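*Asks:* no sequence on this one, just coordinates:
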């Protein structure tokens, strides 16, 4: 579904990503783990069209998208939930969800609203509330719901557990698995390596802009180097 080939990204003279190659098959959850500054968010932003690569290819469903505008990438079925959630303050929960469907040609959203409110009951309760007044966990649910309103085929999640209480972290990861079971492919960027790998079909380890290890989620959890560096083992 998604193929990254020899991707490099620079910020001025600084190289943030170096010749990274990986793929995501339809129906998978793939986790990309690594320390702060390893290049994880840069990769997601580049896939989404927000950053431009210095070199390399990004192929989504057989089409090269590395030069495609972000809005066209979203319209093609690839949507990102950004780090820090970035809900629209001054807009209600309902209006934030509507923004997620902005690029849809069909305007029949009732089925999506019903699905999102069933999955996130707290959003239904707060549908007329300013999004900025929600807790961190509720804002993360809203950011995920907003992305789902675009009916994505591939969902990119950037640090969904960041800053959340443990009870919300477990809930968010349960929801990621539910979304995947219902047919959405997931590429997950996450510092909570143990949680990320525990739900992943496959994973990649990123260090200073390069992929240094890959394997099944289970194999990476059991890997001694990964344990030492990321799992506190």
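*Replies:* Arrived safely, thanks for sending. Every value quoted in this text rests on a predicted model; they were computed, and no experiment measured them. Numbering: from 1, shown residues only.

*Asks:* residue 91 versus the residue lying closest to residue 71 once chain neighbours are set aside, what's the distance?
*Replies:* Ranked by CB to CB, 6 or more residues apart in numbering and with sequence neighbours excluded, the top spatial neighbour of residue 71 is residue 103, at 6.2 Å. Placement of C-beta: from N, CA and C, glycine included. Per CB to CB, to the nearest Å, residue 103 is found 17 Å from residue 91.

*Asks:* and stretch 178-196, what's its mean pLDDT?
*Replies:* Across stretch 178-196, pLDDT averages out at 93.

*Asks:* now stretch 216-223
*Replies:* Averaged across stretch 216-223, the pLDDT comes to 94.

*Asks:* for that stretch, what is the distance to the chain centroid?
*Replies:* Distance, stretch centre to chain centre, for stretch 216-223: 21 Å (CA atoms, centre = their mean, to the nearest Å).

*Asks:* what do you get for stretch 149-160?
*Replies:* 5 Å.

*Asks:* where does the residue nearest the centre of the chain fall, phi/psi-wise?
*Replies:* Residue closest to the mean C-alpha point of the chain, counted by CA atoms, centre = their mean, is residue 157 at 1.3 Å. Dihedral angles of residue 157 (phi, psi; degrees, to the nearest 10) stand at phi -120, psi 120.

*Asks:* lowest-confidence helix or strand of this structure?
*Replies:* In the chain, the helix or strand scored least confidently by mean pLDDT, DSSP states H and E is helix 110-119, which has a mean of 84.

*Asks:* in stretch 18-26, what counts as buried?
*Replies:* 18, 20, 22, 24 (16 or more other CB atoms under 10 Å).

*Asks:* likewise stretch 2-21?
*Replies:* Quick answer for stretch 2-21 (16+ other CB under 10 Å): 2-5, 7-10, 15-18, 20.

*Asks:* among the residues you listed, which ones are in strands?
*Replies:* Taking DSSP state E as the definition of strands, those contribute 2-5, 7-10, 15-18, 20.

*Asks:* from the residues you listed, pick the one nearest residue 188.
*Replies:* Closest approach to residue 188 among these (CB to CB): residue 2, at 12.7 Å.

*Asks:* the closest one and residue 59 touch, don't they?
*Replies:* Yes. The criterion here is CB atoms under 8 Å, and residue 2 meets it with residue 59 at 7.2 Å.

*Asks:* mutual contacts of the two, please.
*Replies:* By CB atoms under 8 Å, 6 or more residues apart in numbering, residue 2 and residue 59 have no common neighbours.

*Asks:* give me the nearest residue to residue 45, chain neighbours excluded.
*Replies:* In space, and not counting its chain neighbours, residue 45 is closest to residue 51: 4.5 Å by CB to CB, 6+ apart.

*Asks:* what sits against the spatially closest residue to residue 1 that is not a sequence neighbour?
*Replies:* Closest residue in space to residue 1, ignoring its immediate chain neighbours: residue 26 at 4.4 Å, by CB to CB, 6+ apart. Shown in contact with residue 26 (CB under 8 Å, 6+ apart): 1, 153, 185.

*Asks:* tell me the confidence at residue 26?
*Replies:* On pLDDT, residue 26 comes in at 97.

*Asks:* can you get me a residue count around residue 205?
*Replies:* Neighbourhood size, residue 205 [other CB atoms under 10 Å]: 24.

*Asks:* contacting residues for it?
*Replies:* Counting by CB under 8 Å, 6+ apart, residue 205 makes contact with 33, 34, 211, 212, 213, 214, 220, 226, 230.

*Asks:* the fourth one touches residue 206, doesn't it?
*Replies:* So that's residue 212. Yes. In this structure, residue 212 is within contact of residue 206 by CB under 8 Å, at 7.3 Å.
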